[in-house]
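**Q** fold the following for me, if possible:
(one chain, ligands or ions: 1)
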Amino acid sequence: MSGEKPLTSILSAQAGRGSEPNPSFCVSGERKGPALKEWKGKGRLFVVAVDGPAASGKGTLARRLAERFGLAVLDTGSLYRATARLVLDENGDPADPVTAEAAAKHVDLRLLDDPRLRADSVARAASVVAAIPEVRRELLGAQRNFAAHPPAPARGAVLDGRDVGTVVCPQADVKLFITAKIEARAARRVKELREQGAPAIYENVLQDLNERDARDSGRGAAPLKAADDAHVIDTTMLDADEVFERVCRLVAHALEEKEWQQ
Ligand code: C5P
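**A** Sure, this is the predicted structure:
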């Protein structure tokens, strides 16, 4: 990584720069959907939890929902990626709880747009630090705070991750669990990587997803699983637009109900 600044220095250089739009954390500028404009709910915020395994399409879905309904969006996985990146920058061991917890303390929500967080090596290390309870505890407050105080003008938030509906926001108004067969997820990931010009070998991607699935579902702390009251949507045979329209109907319905309850 010679010539590149470590993430720690990027973190301090960017602090105070304000919240520029970034894919991990932003308020949707464009309010396309009628539902939020019509929502007269005062005081109570509207929260959508989008959980699911890696490469299930939940991140894209979360961003589209935020844009449609004028909500803020947080990709909670980027917090674990930022933690992992800090550990790797210091040549630390992502499995070491003391190092990983110290890194988690330095993660700041405004600073999650570093493109290096998207690297597969960082994703792998993220799923290792994410199994450490101290790291999860450290990152929990920032996620809950985002849901409770989404940046203006948003009147609510969409958070995507693994444990949003079960641990971070168990009171979320809509809980979605987006999944797909691992072969379909691997094929989509390969296509995405190749479109970005990156070389991608299907078998390697498949193995990588298998390992991350096993770590995310098998850990003791906040394992990947659908909340009992989540809408589970298997997207193996669905295209992204179909999923989006189906989910928009669920969210619009929940918004109407919430307004009714105010
Ligand atoms: O969603 P993404 O692939 O960016 O997440 C990276 C890793 O962070 C996941 O493999 C998972 O181990 C961890 N994660 C988590 N809980 C979340 C979000 C992500 O454990 N809410």
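**Q** what's across from the residue most central in space within the chain in the sheet?
**A** Centroid-nearest residue in the chain: Asp75, 2.7 Å away (criterion: CA atoms, centre = their mean). Note on Asp75: beta-bridge partners by DSSP bridges are Asp160.
**Q** that one and Val158 touch, don't they?
**A** No. In this structure Asp75 lies outside contact range of Val158 using CB atoms under 8 Å: 9.6 Å. For the C-beta atoms, the positions are set from N, CA and C on the backbone; glycine is no exception.
**Q** overlap in contacts of these two?
**A** Listed as contacting both Asp75 and Val158 by CB atoms under 8 Å, 6 or more residues apart in numbering are Ala62.
**Q** any idea which residue of the stretch 101-250 of the chain lies closest to the ligand?
**A** Gly161 (2.4 Å; CB to the nearest ligand atom).
**Q** can you pull the pLDDT of that residue?
**A** Predicted confidence (pLDDT) at Gly161: the value is 97.
**Q** with Leu109 instead?
**A** In this prediction Leu109 is given a pLDDT of 79.
**Q** from Ala82, how far off is it?
**A** 9 Å (CB to CB, to the nearest Å).
**Q** higher neighbour count, these two?
**A** Taking Leu109 and Ala82 together and counting by other CB atoms under 10 Å, Ala82 has the greater number of neighbours (28 against 19).
**Q** once you drop chain neighbours, what's closest to that one?
**A** With CB to CB, 6 or more residues apart in numbering as the criterion, Ala82 has its nearest non-adjacent residue at 4.6 Å, and that residue is Val107.
**Q** quick one: the top helix by length along the chain to chain centroid distance?
**A** If you go by DSSP state H, the chain has its longest helix at helix 240-261. Computed by CA atoms, centre = their mean, to the nearest Å, the chain-centroid distance of helix 240-261 equals 19 Å.
**Q** do the same with stretch 115-128
**A** That offset, for stretch 115-128, works out to 13 Å (CA atoms, centre = their mean).
**Q** which parts of that stretch are buried?
**A** For stretch 115-128, burial by neighbour count (16 or more other CB atoms under 10 Å) applies to 116-117, 119, 122-128.
**Q** of those residues, which are in range of the ligand?
**A** Near the ligand, judged by CB under 6 Å from any ligand atom, the entries from the buried residues of stretch 115-128 are 123, 126-127.
**Q** still on that earlier bit, correct me, but the residue nearest to Ala82 touches Ala142?
**A** Yes. Between Val107 and Ala142 there is a contact under CB under 8 Å: 7.5 Å.
**Q** list the residues that contact both of these two?
**A** The contact sets of Val107 and Ala142 overlap at Leu79 (CB under 8 Å, 6+ apart).
**Q** the two: who's more crowded?
**A** Just comparing Val107 and Ala142: by other CB under 10 Å the higher neighbour count belongs to Val107, 23 against 17.
**Q** pretty sure Arg194 contacts Ala200?
**A** Yes. Using CB under 8 Å, Arg194 is in contact with Ala200, at 5.5 Å.
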